[in-house]
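Here's my sequence, what's the structure:
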Amino acid sequence: MITCDFAILPVGCDTAGCKDYVSAAVQIIKDSGLNFQLTGMGTQIEAENLKELYDVIAKAQEAVFEAGTDRVYTVIKIDGRRDVKNRTLNKKIETVEKMLD
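The predicted structure is shown next:
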């Protein structure tokens, strides 16, 4: 299982708000069928392999271009783990929360 945290940022827009661009990117992710979590600072995705992950991110980035910007800045953080099966985003959170009890 691969988990990823990423943000796609339009550059040089006429407005400070990004909701139109973000919603275009998130719609692509939602349509992909991959499990994801939208956060206030980016989006987290679970994928089975890098190709699946990169394909979705590339399509999301293209959607931001199509939403009306000429420049996009994308930050990607990937956690690929092969020693533990089904290490989902939620399981990572649960592990830490158990330690806090």
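
pLDDT score for residue 59?
Predicted confidence (pLDDT) for residue 59: 98.

if I read this right, it contacts residue 28, doesn't it?
Yes. Counting by CB atoms under 8 Å, residue 28 is a contact partner of residue 59 at 4.8 Å. Glycine gets a C-beta too; all of them are placed from N, C-alpha and C.

Tell me which of these two has more neighbours.
residue 28 (18 against 14; other CB atoms under 10 Å).

So for that one, what's the pLDDT?
On the pLDDT scale, residue 28 gets 97.

which secondary structure elements does the helix or strand it falls within contact?
Assigned by DSSP states H and E, residue 28 falls within helix 19-32. Other helices and strands packing on helix 19-32, by 3 or more CB pairs under 8 Å, 6 or more residues apart in numbering; DSSP states H and E, are strand 2-11, strand 36-38, strand 43-47, helix 50-66.

who's residue 43 bridged to?
residue 6, residue 38 (DSSP bridges).

Tell me how many other residues crowd it.
Around residue 43 there are 19 residues (other CB under 10 Å).

What of residue 2?
Other residues close to residue 2 by other CB under 10 Å number 17.

List the contacts of it.
Contacts for residue 2 were tallied using CB atoms under 8 Å, 6 or more residues apart in numbering; they are 46, 47, 48, 49, 50, 53, 78, 79, 80, 81.

State the distance from it to residue 14.
36 Å (CB to CB, to the nearest Å).

cool, and residue 87?
Separation of residue 87 from residue 14 (CB to CB): 41 Å.

The two: who's more crowded?
Set residue 87 next to residue 14 and count neighbours by other CB under 10 Å: residue 87 wins out with 18 against 7.

surely that one meets residue 80?
No. The pair residue 87 / residue 80 is not scored as a contact, 9.9 Å apart, by CB under 8 Å.
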